[in-house]
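Engineer: how does the following fold in three dimensions:
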Amino acid sequence: MKNAIAAPPKTPDAIVQKLNKELNAAFVDPRTKARIAEVGGTPLPGSPGDFGRFIAKEVEKWDKVVEFSGVKIKAE
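Structural biologist: Next comes the predicted model:
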C-alpha cells in the first residue's frame, strides 16, 4: 500500500519543513509503525525532495506502461 501526505502548492517552506520533521518523528515511533503495518503499509521517512523524486519516478514508470498499452484518452 502506498500513500502519501502532501501540502497544497505554495505552502511556506517553514511549514513544509515542520510537517516533514513531525511526520518523520511519527514514522519511527513504534506505535505508529505498528499501526501502519496493521493496515498493510510501510512508513518511509524522508525529505520533501525524496518525495518529489519518488513521484517523478512513478510518473515515468506509469507513463511507459500507459504508452506500451496503447490506451488513448478520449476528449469529450
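
Engineer: give me the contacts around the helix or strand containing Asp63.
Structural biologist: Secondary structure from DSSP states H and E places Asp63 in helix 48-69. Residues external to helix 48-69 that are found in contact with it (CB atoms under 8 Å, 6 or more residues apart in numbering): 4, 6, 16-17, 20, 46. For glycine as for every other residue, the C-beta is placed from the backbone atoms N, C-alpha and C.

Engineer: kindly recompute the last result at 7 Å.
Structural biologist: Helix 48-69 is touched from outside by 4, 16, 20, with contacts defined as CB atoms under 7 Å, 6 or more residues apart in numbering.

Engineer: filter those to the buried ones?
Structural biologist: Asn20 (16 or more other CB atoms under 10 Å).

Engineer: and the contacts of helix 48-69, which of them are in helices?
Structural biologist: 16, 20 (DSSP state H).

Engineer: quick one: which of the contacts of helix 48-69 has the lowest pLDDT value?
Structural biologist: By pLDDT, Ala4 ranks lowest within the contacts of helix 48-69, coming in at 82.

Engineer: check the gap between that one and Ala75 for me.
Structural biologist: Distance, Ala4 to Ala75, using CB to CB, to the nearest Å: 29 Å.

Engineer: follow-up on the earlier one: mind putting the contacts of helix 48-69 into a markdown table with distance to Ala34?
Structural biologist: Listed next are the contacts of helix 48-69 as a markdown table, based on distance: CB to CB, whole Å:
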| residue | distance to Ala34 |
| --- | --- |
| Ala4 | 20 |
| Val16 | 27 |
| Asn20 | 22 |
